[in-house]
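Participant: Quick check, what structure comes out for this input:
(one chain, ligands or ions: 1)
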Amino acid sequence: MKETLPTRKIHQIKVKKPLYFSHREKLSCPYCGNSEEFYEIIENANFYIHYIQTSEGTLEPIEEEAELMGPIKFFCASCHSDLSFLKK
Ligand SMILES: [Zn+2]
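Facilitator: Numbering: from 1, shown residues only. So this is what the prediction gives:
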């Protein structure tokens, strides 16, 4: 009589990682369907430009700083509708 050894079953538990497809809802303009071109307008931006005057009397910018306060408005480049509500 042959005694069969109980075959040890090795269960490999593979942890299935949820696949995160970079599934992003593509932005598209609800008014005209444009999904390619958009533009932003930033309101209340302060620009600070530091000039130095040369001996020839011309102003040379040596330092520039921009302070953006916003709000930033987002527009459709096709029909120019304000789409700020779409961009969070
Ligand atoms: Zn549009």
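Participant: what residues does this protein put near the ion?
Facilitator: Proximity of the chain to the ion (C-beta under 5 Å from the ion) is limited to residues C29, Y31, C32, N34, C76, S78, C79. In this view, the C-beta of every residue, glycine as well, is placed from N, C-alpha and C.
Participant: Once you drop chain neighbours, what's closest to C32?
Facilitator: Using C-beta to C-beta, 6 or more residues apart in numbering and skipping the chain neighbours, the partner closest in space to C32 is C79 (4.1 Å).
Participant: What subset of the residues of the chain next to the ion is buried?
Facilitator: Using 16 or more other C-beta atoms under 10 Å as the burial test, these include C29, N34, C76 as buried.
Participant: which SS state does the first one fall under?
Facilitator: Right, the one you point to is C29. With DSSP: H, G, I helix; E, B strand; the rest coil as the basis, C29 sits in coil.
Participant: in the chain, which spans are strands?
Facilitator: For the chain, the strands defined by DSSP state E occupy 38-42, 45-53, 59-68, 72-76.
Participant: returning to that earlier point: take the buried ones among the residues of the chain next to the ion and write them to JSON lines, including distance to E63 and pLDDT.
Facilitator: Shown next, in JSON lines, are those (distance: C-beta to C-beta, whole Å; pLDDT from 0 to 100):
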{"residue": "C29", "distance to E63": "39", "pLDDT": "95"}
{"residue": "N34", "distance to E63": "39", "pLDDT": "96"}
{"residue": "C76", "distance to E63": "36", "pLDDT": "96"}
